[in-house]
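Student: With the sequence up front, the predicted model follows.
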Amino acid sequence: MSDSDPRAALARLAAARGDSLAALSAMLGRNAAYLQQYVKRGSPRRLAEDDRRLLAQYLGVEDHVLGGSGGKTGQSRTGFQIARLAVQASAGPGALVDDEVLLGTDVIDPALARRLGLRDGQAAIIRVRGTSMEPGLQDGDHIIVDLATTVPGARGRLHVIRVDGLTMVKRVALRDGTLSVSSDNPAAPPVPDGPVDIVGRVVWQMREPA
């Protein structure tokens, strides 16, 4: 397959993000072999339009790269589209990474997206669970996560992280080569030990009115 082939493009883009084709298939609500068969066997010959659109948005590429005829997918005429994931970034015991399934998309004002520095296909909305980041983040809050920002700074900021297969939101700082991970609530249990994978930085908090 040439690099202009949408199947080759999909395989290359998934590998660059570290995503398996099985995981992307699950994100689409398909069986685990769906994209593997598409890439390796050419079946189906073309991706369904909705599948292709969601993949293009998630991977941050134009629709035509994956075999479509459209343009950019991240921003529509009415707003900036952000993927809504079923994963819950725990402010408590943690949520399994396997729960990370695409529910659909939400739209925010393009001006807000620009102010937050969001890139096409590089943002997600997820739900906070637990109380360890109170009072700033409360159980049930929805947050926008910039998936392109995976290197924390010296000043402690909120990041979504994975530790030992669990997804959580914590305050993370990198000082003199040492990573510091903490909860805002002093009554919260200790952060689990293990390698820390930075998923992205929390850039906006969305809370439904009481």
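Tutor: That came through, no problem.
Student: Domain-wise, how is this protein divided?
Tutor: Domain assignment for the chain, taken from automatic domain parsing, gives 6-66, 80-206.
Student: Least confident of those, on average?
Tutor: When mean pLDDT is averaged over each of the domains of the chain, domain 80-206 scores lowest at a mean of 82.
Student: Assign the residue most central in space within the chain to one of the three secondary structure states.
Tutor: Nearest to the mean C-alpha position of the chain, counting by CA atoms, centre = their mean, stands A124 at 4.6 Å. Per DSSP: H, G, I helix; E, B strand; the rest coil, the secondary structure class of A124 is strand.
Student: Can you tell me who it pairs with across the strands?
Tutor: Residues found in beta-bridge contact with A124 (criterion: DSSP bridges) are A83, V145.
Student: just checking, it touches I143?
Tutor: No - the pair A124 / I143 is not scored as a contact, 9.2 Å apart, by CB atoms under 8 Å. For the C-beta atoms, the positions are set from N, CA and C on the backbone; glycine is no exception.
Student: Would you map the strands across this protein?
Tutor: Taking DSSP state E to define them, one finds strands in the chain at 80-90, 95-96, 102-108, 123-129, 142-146, 157-163, 166-175, 178-182, 196-206.
Student: looking at the ones you listed, which is buried most?
Tutor: Neighbour counts (mean count of other CB atoms under 10 Å) averaged over each of the strands of the chain peak at strand 123-129, with a mean of 23.
Student: quick one, it and strand 166-175 angle?
Tutor: Taking axes from the mean of the first three to the mean of the last three CA atoms, to 10 degrees, one finds strand 123-129 and strand 166-175 inclined to each other by 110 degrees.
Student: how far does stretch 108-122 sit from the chain's center?
Tutor: What separates the centre of stretch 108-122 from the centre of its chain is 14 Å, taken as CA atoms, centre = their mean, to the nearest Å.
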